[in-house]
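Q: Build me a structure from this.
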Amino acid sequence: MTSLIVVIGLLFLLFLGVPVGLALAFSGMVGLVAIVGFNSALSVLATTPLSTTNGYELIAVPLFILMAEFVIVSGIADRMFKAITIWVGRLPGGLAVATALAGAGFGAISGSSTAAAAALSSTSIPAMQKAGYEAKFSAGVVAVSGTLAMLIPPSIALVLYGIIVEVNIASLLIGGVIPGVLVTFGIIVTIYALMARDPSIAPAAKRWSLREKLFALREIGPMLALLACVTGSIYLGVATPTEAAGLGAFGAFVIAAAFRSLTWARTWGALSRAVRATCMIFLIIIGAHIFGYVLTLGQITPQFVTWITTLNVSPYVVMAGIILFYLVLGCFMDQLAILILTVPVMVPAIITLGFDPVWFGVIVVVSAEVGMITPPLGMNIFVVARYAGRPLSEIFRGVAPHVVTHLIIIALLIAFPQLVLWLPSTINN
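A: Numbering: from 1, shown residues only. From the prediction side, this is the model:
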């Protein structure tokens, strides 16, 4: 009963707008005081911050964030979008397709969804507006393309999932590759499905010469080099995810310096933003661990596992219910907070049902992508609205068809688990 009251209190604090990490820590401390007493709760508060954040694997989180910051400073996203535009932009809907491909490319060198949405918004929205694209259509494409950074490695969400569940992080990151390709393909298919209904929403743009196309390929070189440093080194077994994060951060710094994009002010800005983002994530992790003691002492996890296993239904029906739960939760909570708060309870249940935890991690992150573009708290929608200067309601309508596509892809990943698990099985360990 105490645990249930604490959970309700946590939801109330989140509804009031209290930062997720502080809400988790405060409600967890109140629960611990009620269950084990003040002195024991105080000892938990004294030891949890250090014990929670001193893991070697967690080093990957600030390094991937720093990598994303240097990528933004370097202007790779702009160069990549322009290079892809030269190749496909002349086609009807070509700029929208270029946005999806650039989102996938940016996701491959950055683990931040909101950073990807911001980078794409500043480049592709003006280009599509100039070409006469419908505002609702173009904003929806940018918002959904930004979510690819959550899934395609390096993915901070998958790294955190691996740390929480204690599964192989390299397998998780590589497991996101094929689903990431599927989501990218799904975005492109949705673009052309919308154009089939109304071709005027995405007219053709200018043509480019073969010389200009070949010259544009040079702009993609730095992205491919960074991709090889990170995902390639993980897949080949040359580096651990943490080491790959270090290589990626250094590689992004070198690229930014080579493009002469670094100044003292920009370097300091990138470092300070990375520190702030890391502190926010670590505060959520610490708060979730404090709150996790309440779930453990209150026997919520074993009770949930027992309840799940006693249901007289197919495991896939249970999985459908879990995915629906994540989709609804994603409309109201931060995606990283959802992972940290729910995964310790959910994963024992899905393992008991016979599902693979690596597969489930990718499924959860794809579901979290939907939360990034659904009301009322779709973060990517707010980012795009700021850059596009369009109403939130318009962008939510523009992204709605892509939400349907995401749900179809989730169904495919559930029906065919090897879409996630095959590539990790081929990793060179």
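Q: and residue 319, what are its phi and psi?
A: Main-chain torsions, residue 319, degrees, to the nearest 10: phi -60, psi -40.
Q: can you tell me which residues contact it?
A: 350, 353, 355, 414 (CB atoms under 8 Å, 6 or more residues apart in numbering). All C-beta spots, glycine's among them, are computed from the backbone N, C-alpha and C.
Q: before we move on, what about residue 115?
A: Neighbouring residues of residue 115 by CB under 8 Å, 6+ apart: 68, 69, 72, 149.
Q: now with 6 Å?
A: Residue 115 sits next to residue 68 when contact means CB atoms under 6 Å, 6 or more residues apart in numbering.
Q: how far away is the spatially most central residue of the chain from residue 110?
A: Among the residues of the chain, residue 150 comes closest to the average C-alpha position under CA atoms, centre = their mean, at 1.9 Å. As defined by CB to CB, to the nearest Å, residue 150 lies at a distance of 10 Å from residue 110.
Q: for residue 273, same thing?
A: Separation of residue 273 from residue 110 (CB to CB) stands at 13 Å.
Q: same thing with residue 347?
A: Taken as CB to CB, the span from residue 347 to residue 110 is 27 Å.
Q: thinking again about what came up before, looking at residue 273 and residue 110 now, which is surrounded by more residues?
A: The neighbour comparison of residue 273 against residue 110 (other CB atoms under 10 Å) goes to residue 110, with 31 against 17.
Q: how about the nearest residue to the more buried one, chain neighbours excluded?
A: Using CB to CB, 6 or more residues apart in numbering and skipping residues adjacent in sequence, the residue nearest residue 110 is residue 68, 3.9 Å away.
Q: Could you do residue 326 as well?
A: residue 367 (4.3 Å).
Q: After the host helix or strand of that neighbour, heading C-terminal, what element do we hit next?
A: Applying DSSP states H and E as the criterion places residue 367 in helix 357-371. Following helix 357-371 in sequence order, the next helix or strand is helix 379-388 (DSSP H and E).
Q: ok and that next one relative to helix 357-371, angle-wise?
A: 40 degrees (axes from the mean of the first three to the mean of the last three CA atoms, to 10 degrees).
Q: mean confidence score for helix 379-388?
A: For helix 379-388, the mean pLDDT works out to 80.
Q: can I get the CA coordinates of it in CSV?
A: Provided in CSV are the C-alpha atoms of helix 379-388 (Å, rounded to 0.1, in the frame of the first residue of the first chain):
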residue,chain,number,x,y,z
MET,A,379,9.7,17.2,-27.5
ASN,A,380,10.6,17.1,-31.2
ILE,A,381,7.4,18.9,-32.1
PHE,A,382,8.3,21.8,-29.8
VAL,A,383,11.8,22.0,-31.3
VAL,A,384,10.5,22.1,-34.8
ALA,A,385,7.8,24.6,-34.0
ARG,A,386,10.4,27.0,-32.6
TYR,A,387,12.5,26.9,-35.8
ALA,A,388,9.6,26.7,-38.3
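Q: Contacts for the helix or strand just after it, please.
A: Sequence-wise, the next helix or strand downstream of helix 379-388 (DSSP H and E) is helix 392-415. If you take CB under 6 Å, 6+ apart as the criterion, helix 392-415 is touched by 136-137, 139-140, 143-144, 179, 182-183, 186, 190, 363, 366, 370, 373, 375, 381, 384-385, 419.
Q: buried ones in the longest helix seen in the chain?
A: Assignment by DSSP state H gives helix 264-297 as the longest helix of the chain. Going by neighbour count (16 or more other CB atoms under 10 Å), the buried part of helix 264-297 is 266-267, 270, 273-274, 277-278, 280-295.
Q: was I right about residue 97 contacting residue 91?
A: No: here residue 97 does not reach residue 91: they are 7.3 Å apart, not a contact under CB atoms under 6 Å.
Q: So which of the two has more stuff around it?
A: residue 97 (23 against 15).
Q: separation between the more buried one and residue 217?
A: Distance, residue 97 to residue 217, using CB to CB: 17 Å.
Q: swap in residue 129?
A: Look at residue 129 and residue 217: by CB to CB, they are 26 Å apart.
Q: and if you look at residue 368?
A: According to CB to CB, residue 368 stands 34 Å off from residue 217.
Q: which of the two has more neighbours?
A: Each of residue 368 and residue 217 has its neighbours counted (other CB under 10 Å); residue 368 has more, 25 against 12.
Q: Quick check, pLDDT for the residue nearest to that one when sequence neighbours are not counted.
A: Closest residue in space to residue 368, ignoring its immediate chain neighbours: residue 335 at 4.1 Å, by CB to CB, 6+ apart. Per-residue confidence (pLDDT) for residue 335: 74.
Q: What sits closest to residue 252 if chain neighbours are left out?
A: Using CB to CB, 6+ apart, the nearest residue to residue 252 is residue 70, at 3.6 Å.
Q: Test my guess that the one you found contacts residue 253.
A: Yes: using CB under 6 Å, residue 70 makes contact with residue 253 at a distance of 5.0 Å.
Q: Which one's more surrounded, the two?
A: Between residue 70 and residue 253, counting by other CB under 10 Å, residue 70 is the more crowded of the two (29 against 20).
Q: Helix or strand for that one, just tell me which one.
A: Using DSSP H and E, residue 70 falls within helix 60-74.
Q: which parts of that helix are buried?
A: Quick answer for helix 60-74 (16+ other CB under 10 Å): 60-74.
Q: quick revisit: could you check the distance from the residue nearest to residue 326 over to residue 214?
A: For residue 367, the distance to residue 214 - CB to CB - is 41 Å.
Q: Compare these two (neighbour count), which wins?
A: residue 367 (23 against 10).
Q: Spit out the contact partners of the more buried one.
A: 323, 326, 327.
Q: between these, which has the most around it?
A: Counting by other CB under 10 Å, top hit in the contacts of residue 367: residue 326 with 23 neighbours.
Q: Now residue 91: closest residue in space that isn't a chain neighbour?
A: Closest to residue 91 by CB to CB, 6+ apart is residue 204, at 6.2 Å.
Q: Quickly find the element holding the nearest residue to residue 60 once chain neighbours are set aside.
A: With CB to CB, 6+ apart as the criterion, residue 60 has its nearest non-adjacent residue at 4.1 Å, and that residue is residue 245. Secondary structure assignment for residue 245, by DSSP H and E: helix 241-258.
Q: what residues does that helix touch?
A: The set of residues external to helix 241-258 that reach it, using CB under 6 Å, 6+ apart, is 59-60, 63-64, 66-67, 70-71, 73-74, 169-170, 222, 226, 229-230, 233-234, 262.
Q: Pass me the low-pLDDT residue ranges in the stretch 1-150 of the chain, would you?
A: Scanning the stretch 1-150 of the chain for pLDDT under 70 picks out 1, 89, 111-112.
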